[in-house]
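S.K.: I need the structure of the sequence given here:
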Amino acid sequence: MVLAPGPNAEAARKKTGKKRGWRRRARPGGGAPEHPARPHPARPPQHHEDFSRNWKALRELLKQKPQASEKPMGVSQTTPQVIQPKNTPARIKKEETQSQGPEREADKRKGPIQLEEKGSKKRAHGDPALKSTYPGPKKQKGPVAPAPPRNPTEEDLWFDDVDLADIETTLGPEAGRIIRQRMGRRKVAMTLEKEQAFTGLTKALALDCEMVGVGPGGEESVAARVSLVNQFGKCVYDKYVKVKQPVTDYRTAISGVRPQHLLQGEDFEVVQKEVADMLKGRVLVGHALHNDLKVLFLDHPKRKVRDTQKYKPFKTQAKSGRPSLKLLAERILGVQIQQAEHCSVQDAQIAMRLYITVRKEWEKAQNRRSL
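M.R.: Okay, the predicted model is just below:
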C-alpha cells in the first residue's frame with residue numbers, strides 16, 4: 001500500500017533540494033566506478049604530414065629568416081607547442097613580434113632608431129645606442145650683467161600732480177627734463193646772485209624774516225633774523241635780532257636760529273628803523289609778506305607790494321591756492337630749496353628771482369589796476 005505524501009514530506013523534500021524519484025544509476029558490472037585509464041603521452045611525429053598546424057606555421061617562419069638553416073630538424077629538436085586561444089594578448093604580441101622579426105634585426109644592425117616626431121622617442125634603459133644625447137642645461141660661467149636702464153619716454157610719464165623732485169629721484173634726470181618741457185619750462189644752470197652786479201639798494205628789495213617762538217608753547221612768533229636783497233640777488237642787509245621775551249621755542253630745524261645767534265643780535269628798535277628807511281619809496285618783494293611785516297610792526301603801501309604767494313599766474317602754474325616758496329622754486333625755477341634749515345637770505349633771493357622772471361607782465365597788470 002502506497003501512502004500519499006503529506007505536507008511534512010513536501011517540506012522535507014524542498015529542504016534537501018533533491019528531486020523525488022532520482023536514482024543513482026548503477027554502472028555496468030556493478031561495484032565502485034573505475035577511473036578511466038590515463039593515455040600515454042604522444043610521441044613526436046615521425047613524418048611531416050603528421051605535424052600540427054602550429055608547427056607548420058613555425059616552419060614557414062623559420063624559412064623566411066636568412067640565418068635559418070635549410071636542413072629539416074630532427075625529432076630531438078622538436079618541441080611541443082602550446083596552442084593558445086585566438087585573439088589573446090599573448091598571441092597578438094607574439095604575432096607582432098614574429099611579423100617584425102626580420103625588419104627588427106635589420107634595424108639593429110643599422111644603428112639606433114631615429115624617430116621623426118618630437119617627444120615620441122622612448123627612453124631606453126640599458127641600451128647605450130638608444131640613450132638620449134641631450135647634454136643638459138648649460139652652466140653659466142658667471143653672473144649675468146643686468147640690462148642697462150631704459151630712459152622714460154613721454155608716453156611713460158602720463159601722470160600729473162607729482163612733485164618734480166620725486167620724479168627726478170625715482171625715474172632720473174631725463175624724466176625731469178620731459179616734465180619741465182611739458183610744463184613749458186627749462187632747467188637752466190642759474191645762480192641766485194648775479195656776479196659783478198651792483199651791491200647797493202635798487203628800486204626793488206626782497207624781504208624775509210626768520211622767527212622764533214615765545215610765550216606758552218612757543219606759539220607767538222617774533223623776529224629773530226631779518227634779511228634784504230636787491231634785484232640782482234646781492235644781500236644788502238642781514239642781522240639777528242635780540243629778543244626781549246624769553247624764547248620758548250627756537251624752531252632751529254626750520255629757522256636755523258640758535259641761542260648764540262640772538263646773544264650777538266641787534267636791538268629790535270634799531271633793526272626796525274633801519275629796515276623801514278631802506279624800504280621807503282621802493283617796491284617790496286617777498287613771499288607771504290604779511291607775516292614778515294607783522295613781526296616787524298611795519299606797514300607798506302599795497303601798490304608797491306609784490307607778494308609771490310598771491311600772484312595769480314604763479315597760483316595757476318603751481319596748481320595751488322596758497323603755494324609755498326619751495327613749491328614755486330621747484331615748479332617755476334627748477335631749484336630745490338629748504339632741504340634742511342631755512343635761510344632768510346636764500347628765501348629772499350628766490351622771491352626776487354621769481355619777481356624778475358615776470359616783472360614786465362606783473363608791472364603791466366599792476367599799472368592797469370592803478371588806472
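S.K.: mind checking the end-to-end distance for stretch 301-310?
M.R.: Using Cα to Cα, to the nearest Å, the end-to-end distance of stretch 301-310 comes to 16 Å.
S.K.: correction: stretch 226-246
M.R.: Start-to-end span of stretch 226-246 (Cα to Cα) is 19 Å.
S.K.: where does the stretch 251-371 of the chain have low pLDDT?
M.R.: Scanning the stretch 251-371 of the chain with the threshold set as pLDDT under 70 gives 371.
S.K.: That one: helices as residue ranges?
M.R.: 252-255, 259-263, 268-279, 289-296, 312-318, 325-328, 344-357, 359-370 (DSSP state H, counting those that start in this stretch).
S.K.: For stretch 348-364, buried residues please.
M.R.: Residues of stretch 348-364 classed as buried: Ala348, Gln349, Ile350, Ala351, Met352, Arg353, Leu354, Tyr355, Ile356, Val358, Arg359, Trp362 (neighbour count, 16 or more other Cβ atoms under 10 Å). The way it works is simple: take the backbone N, C-alpha and C, and place the C-beta from them, glycine included.
S.K.: can I assume the second one is in contact with Leu207?
M.R.: No: under the criterion of Cβ atoms under 8 Å, Gln349 lies out of contact with Leu207, with a separation of 11.5 Å.
S.K.: gap between the closest residue in space to Leu289 that isn't next to it in sequence and Leu354?
M.R.: Leaving aside its sequence neighbours, Leu289 sits nearest to Asp307 (Cβ to Cβ, 6 or more residues apart in numbering; 5.0 Å). In this view, Asp307 and Leu354 are 10 Å apart by Cβ to Cβ, to the nearest Å.
S.K.: still on that earlier bit, most tightly packed of the helices of the stretch 251-371 of the chain?
M.R.: helix 344-357 (a mean of 24; mean count of other Cβ atoms under 10 Å).
S.K.: Could you pull up the residues touching Asn291?
M.R.: Cys209, Ser221 (Cβ atoms under 8 Å, 6 or more residues apart in numbering).
S.K.: Quick check: the gap between it and Lys304.
M.R.: 18 Å.
S.K.: quick revisit: specify which member of the buried residues of stretch 348-364 is nearest to Val335.
M.R.: Ile350 (7.1 Å; Cβ to Cβ).
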